[in-house]
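# Here is a sequence with its predicted model. Questions after.
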Amino acid sequence: MKVVFAALIASVGALRGNIGLDHSGFTVPDVEKASNFLMEVFDCRMDWQIRRGPSPTSGERGWDELFFVHSESYMPHVAMLQCGDHHLAQYIELFEWNSPTQRTFADETGKWMPFSDIGHGYFAFTVKDIAKAMDQIKATSYYKNNEIRFIQDPPMQFPLRDELCTSTFLISPWGQWIELSEWSVSGPKATVAKLSLESSDECTQQPTEELRKVDSLLTPAWFIDLPTVEYNIELFLSRAKEVLWRPPVKAHKSPKFAQYLQTKGAKGILTLKVSEAEVFAANGIKDIYVANCIVQKEMIVRLVRLAGRIDKISVHVDNEDNLRQIAEVAKQAGLSIGVLVELNIGHNRTGVDTVEDAVALTKVINEINQNDKSISFEGITGYEGHTPVLEPEKKTRETIRCHAILKAAKDAIETELNIQVPLVSGGGSSNYVDALNAGVLTEIQAGGVAFIDKLYNSSAGLGAKGHKVGTFLLTTVVSASKDGSRAMADAGFKATGWHPFAGLPVLLHDSWEVAGLSAEHLKLKPKEGVEPTRLRVGEKLTLIPGYTDAMGLNHKMIYGVRDGVIEEEFPVLASGMLH
C-alpha cells in the first residue's frame, strides 16, 4: 500500500491546495450523550445537528450500497462539534446508527475493542497543562460515577517533533479512547481555543480579584446575585414547609445549577422536553419529571431509556392511547416508568377535562401495573398557567378554584378505586403562596422563585410578598449620540428574552431607561424630567430581565456573583433541546 501511494504521489504530485485536516468522524452509541460529554468536559460547541426518523431507510436512500450498511438501517442522529476557534480544522462529527447488524466492538465486560484491531481509532486534544486538565476531568460527575477512566495516570513522556510530549489517554463514556497531549516548547507559546477552558494557564491560575469582578465579563452576560437567590429560596421554603419542591429547569437549563438548588432543598427537577432530561441525567440528576405529553415513538423510547439510567423518571399523560404506547415501550425494554394523570384545571393546554376522566385513566394505569409493572401510578398534576399576572384577589380565587379540581380528583380516585394518590403536583412561582395556602399540593413546581425577574417581581406580585430581584444582565454601551438624546447597548431581544407578560427589561440607572429592543441592540433614552448623565461608549450597564424563562435558553453561562465578585459559574448545557 505504501509503495502504491508513493508511486501515485510521484506521478501526479502532492495534493495542491490542501489546507489541513478538516474534521474526524466517529460512530457512537448515543450522539446526544457523547455530545454532552464533549461539550461539558472539553468545552466543545455544537455546530449543527440533524435528527431523522426510521423512514426512509438506508435502502430507500441508497445508503446500503453507498455506505455498505444494512438496507433497514437508519441514522437517527448526526452532530458536528467545533472543538476550537479555527473554522477549518477543529471539528468532530458524531454518527448514531440503528441497524439490525450493528456491532458495538465491546465484549461482555463492556471493554472497548483492542487497540490492535483494524478499525480502532481515537482522537486527541492538546492542552497547556496536562496535570490541571486531568484534575479538572477528575472533578466531573463522569469520572466520579466511573463513566470514564484514565489509562495512563501519571502520564507518559517521550521526545517528539524536537520537543517533549506529555500524554495520557482516557476512556470515554461510550468506550472510545481520547488522548490529551502537552507540548514542552510549542504549548506555552500557543493560545487556548476558548478562554473558558479551565485547562489553560489563563484560567487555572488563581485569578486576581479584578479579573473576577462582574464588570470584567464580556457582554451580554447573565449573572445572579447569590445572596439574593439564597434569600429567595429560604423565604420560599419557609412557606412551603412539608410540601416537596420540584423546580422546573426551563429558565436556567443548567445541571450544575440544578445541583446547587438540590443542596438548598429541591427534590429532583422538572423538564418539559425529553432531550432536556437526557442532558440533566447525563450530568448527575437522578430524579426527573418530564411534565409534557410525549407521543412521538422515538421520544417515548428515549424517555423509557432514562428509566435504566437514573433513579426515577416520570411523565404525565392525558389519554389512554398515549398511556398504552408508553407502557408497551417500557414493557419491551424491561423497565418501569412513573406516570401522573394530568388534569386541565383552567389553563386549557393539556390534561383530561373532567374528574371522571382522571378516574378512568388512573384505573387503566392500575390495570397495566398489575399485569406487567411497566408503568406505575405516581399521582395527579395540573397547571394553572393562566394565573401568573392576574390581579392578586382574582389570582387567589382562581388558584383555589383550580386546586379544588385536583382535590376532587384525588378524593374520587381514592374513594372509587381504593387507590392511594401518592402525589398531587402543581402550582408555580407566580402563585405559589396561594397554591400553598390552598392546602392541596404535596409537591410544588416553582423555579423562578429563586431568581425573581421583572415579571415575578412586579407583574406576578412576588416583590410585594417579600422577594427580591436576583437575576441580572450585564450589557455594554456600543454607541451614544453627541447630543445625548440616545444610546445603544449590546443586549437585544435575543439576549434579554422579551416576553409579553413582562415587557421591556429594566435599566438600573438614575437618568436613562430602555426605549426598545432589536435583535442585538438595546435602545436607550434619557428619562423625562431628569438631567441625563452622558453615557460613554464601553460603559457597562445592568438590566433586570423581563422574564428569565425567555432569556436563559440563549446564554451559555450563568455567573454566580457575591459582593460584585464571581464566585460560581453554571454552564447552560441544555439550551436548544427542543425534542
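Happy to help now that I have it.
# hey, let's count contacts and neighbours off CA atoms from now on
OK.
# The stretch 251-400 of the chain: strands as residue ranges?
Listed in chain order, the strands of the stretch 251-400 of the chain (DSSP state E, counting those that start in this stretch) span 269-271, 287-290, 312-317, 337-343, 375-382.
# how about TSV for the ones you listed, with mean neighbour count added?
Formatted as TSV, the strands of the stretch 251-400 of the chain follow (neighbours: other C-alpha atoms under 10 Å):
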stretch	mean neighbour count
strand 269-271	24
strand 287-290	22
strand 312-317	24
strand 337-343	25
strand 375-382	24
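# Columns distance to residue 522 and mean pLDDT on top of those strands, output as CSV?
Output for those, formatted as CSV (distance: least, C-alpha to C-alpha, whole Å; pLDDT from 0 to 100):
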stretch, distance to residue 522, mean pLDDT
strand 269-271, 31, 98
strand 287-290, 35, 98
strand 312-317, 40, 97
strand 337-343, 40, 98
strand 375-382, 38, 97
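# Residue 445: which of these is closest?
Evaluated over the strands of the stretch 251-400 of the chain, closeness to residue 445 peaks at strand 269-271, with 7.5 Å, by C-alpha to C-alpha.
# Can you check the pLDDT for the closest residue to residue 573 other than its chain neighbours?
Take residue 573 and drop its neighbours on the chain: the residue closest to it by C-alpha to C-alpha, 6 or more residues apart in numbering is residue 254, 5.6 Å away. Note on residue 254: pLDDT of 95.
# What residues does residue 576 make contact with?
Residue 576 makes contact with residue 553 under the criterion C-alpha atoms under 8 Å, 6 or more residues apart in numbering.
# start the count at 339, not 1, going forward
Right, with 339 as the first residue, what we last looked at is residue 914.
# Return the distance of it relative to residue 834.
Distance, residue 914 to residue 834, using C-alpha to C-alpha, to the nearest Å: 16 Å.
# Residue 904 too?
20 Å.
# In the chain, where's the longest helix?
The longest helix of the chain (DSSP state H) is helix 730-754.
# May I see the buried residues of that helix?
Neighbour counts over helix 730-754 (16 or more other C-alpha atoms under 10 Å) mark 733-734, 736-738, 740-745, 747-751 as buried.
# what's the answer for stretch 640-650, then?
By neighbour count on 16+ other C-alpha under 10 Å, the buried set for stretch 640-650 is 641, 642, 643, 644, 645, 648, 650.
# How about stretch 799-817?
Neighbour-count burial for stretch 799-817 flags 799-801, 805-817 (criterion: 16+ other C-alpha under 10 Å).
# Mind pulling the model confidence for residue 800?
For residue 800, the model assigns a pLDDT of 96.
# Pretty sure it sits against residue 768.
Yes - counting by C-alpha atoms under 8 Å, residue 800 touches residue 768, with 7.0 Å between them.
# Touching both of those two, which residues are there?
The contact sets of residue 800 and residue 768 overlap at residue 794 (C-alpha under 8 Å, 6+ apart).
# Can you measure across stretch 613-630, start residue to end residue?
Using C-alpha to C-alpha, one end of stretch 613-630 lies 12 Å from the other.
# Correction: the previous question concerned stretch 619-638.
Stretch 619-638: ends 16 Å apart by C-alpha to C-alpha.
# residues in contact with that stretch?
Residues from elsewhere that reach stretch 619-638 (C-alpha under 8 Å, 6+ apart): 371, 374, 391, 479-480, 593-594, 596-597, 605-612, 615, 644, 647-656, 660, 663-664, 667, 688, 917.
# and with 6 Å instead?
With contact meaning C-alpha atoms under 6 Å, 6 or more residues apart in numbering, stretch 619-638 is reached by 606-610, 648-655.
# got the residue ranges for the helices in the stretch 689-838 of the chain?
Under the criterion DSSP state H, counting those that start in this stretch, the stretch 689-838 of the chain contains helices at 693-710, 730-754, 770-776, 792, 831-834.
# So for residue 470, which of these sits nearest?
Among the helices of the stretch 689-838 of the chain, if distance is taken as C-alpha to C-alpha, the winner is helix 831-834, at 32.9 Å.
# and residue 686, how far is that from residue 744?
15 Å.
# ignore the last one, residue 791
Distance, residue 791 to residue 744, by C-alpha to C-alpha: 29 Å.
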